[in-house]
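Colleague: Pasted the sequence and its predicted model underneath.
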Amino acid sequence: MLKTGARLRSQVCSTEVIVVRGGSGDVTLTCGGQPMIDPAGSPAEGLTPAGDLAGGTTIGKRYTDAANTVEVLATKSGEGSLALGDEVLALKSAKPLPSSD
């Protein structure tokens with residue numbers, strides 16, 4: 001289960017995130033096809049991003065799943081793409097501002 005406020009880092013690249021909305025249930029956040037770990041943990045040796053999960057992560061951007069149950073904020077960019085299980089997280093778009101007529 002992802003806990004709001006948790007900091008995680010990728011095992012395959014330099015991506016680091018903070019969980020903004022953790023959702024419910026037992027879910028695994030991955031980057032480049034490998035589970036993300038605690039920043040103090042040591043990544044496994046020899047891992048690289050999977051070819052279809054090497055789209056990259058942009059610093060300062062928020063990523064969410066299709067149901068909008070999980071949201072993470074990228075604090076460091078990297079080569080790997082973020083995913084929740086098998087579902088690649090999408091870049092969250094900004095809310096449009098109301099027009100002032």
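Modeller: Looks like it came in fine.
Colleague: quick one, phi psi at the most centrally placed residue in the chain?
Modeller: Centroid-nearest residue in the chain, with Cα atoms, centre = their mean: Leu82, separated by 4.1 Å. With angles defined as degrees, to the nearest 10, Leu82 sits at phi -80, psi 140.
Colleague: burial count for Thr58?
Modeller: 12 (other Cβ atoms under 10 Å). For every residue, glycine as well, the C-beta is placed using N, CA and C.
Colleague: That one and Ser77 touch, don't they?
Modeller: Yes: the pair Thr58 / Ser77 is scored as a contact, 5.5 Å apart, by Cβ atoms under 8 Å.
Colleague: tell me which residues of stretch 45-54 are tucked away?
Modeller: Buried residues in stretch 45-54, counted by 16 or more other Cβ atoms under 10 Å: Pro49, Leu53, Ala54.
Colleague: CA-only coordinates of it in CSV, if you can.
Modeller: Below are the C-alpha coordinates for stretch 45-54, written out as CSV (Å, rounded to 0.1, in the frame of the first residue of the first chain):
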residue,chain,number,x,y,z
GLU,A,45,22.8,-4.5,-9.5
GLY,A,46,22.6,-4.5,-13.3
LEU,A,47,19.0,-3.4,-13.7
THR,A,48,18.1,-1.2,-16.7
PRO,A,49,14.7,0.3,-17.8
ALA,A,50,12.6,-2.0,-19.9
GLY,A,51,12.4,-0.8,-23.5
ASP,A,52,8.6,0.0,-23.4
LEU,A,53,9.0,1.6,-20.0
ALA,A,54,11.9,4.0,-20.8
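Colleague: Let me see the mean pLDDT of it.
Modeller: Average pLDDT, stretch 45-54: 84.
Colleague: and if you look at stretch 66-86?
Modeller: Stretch 66-86 carries an average pLDDT of 92.
Colleague: ditto for stretch 2-12
Modeller: Confidence over stretch 2-12 (mean pLDDT, whole number) is 93.
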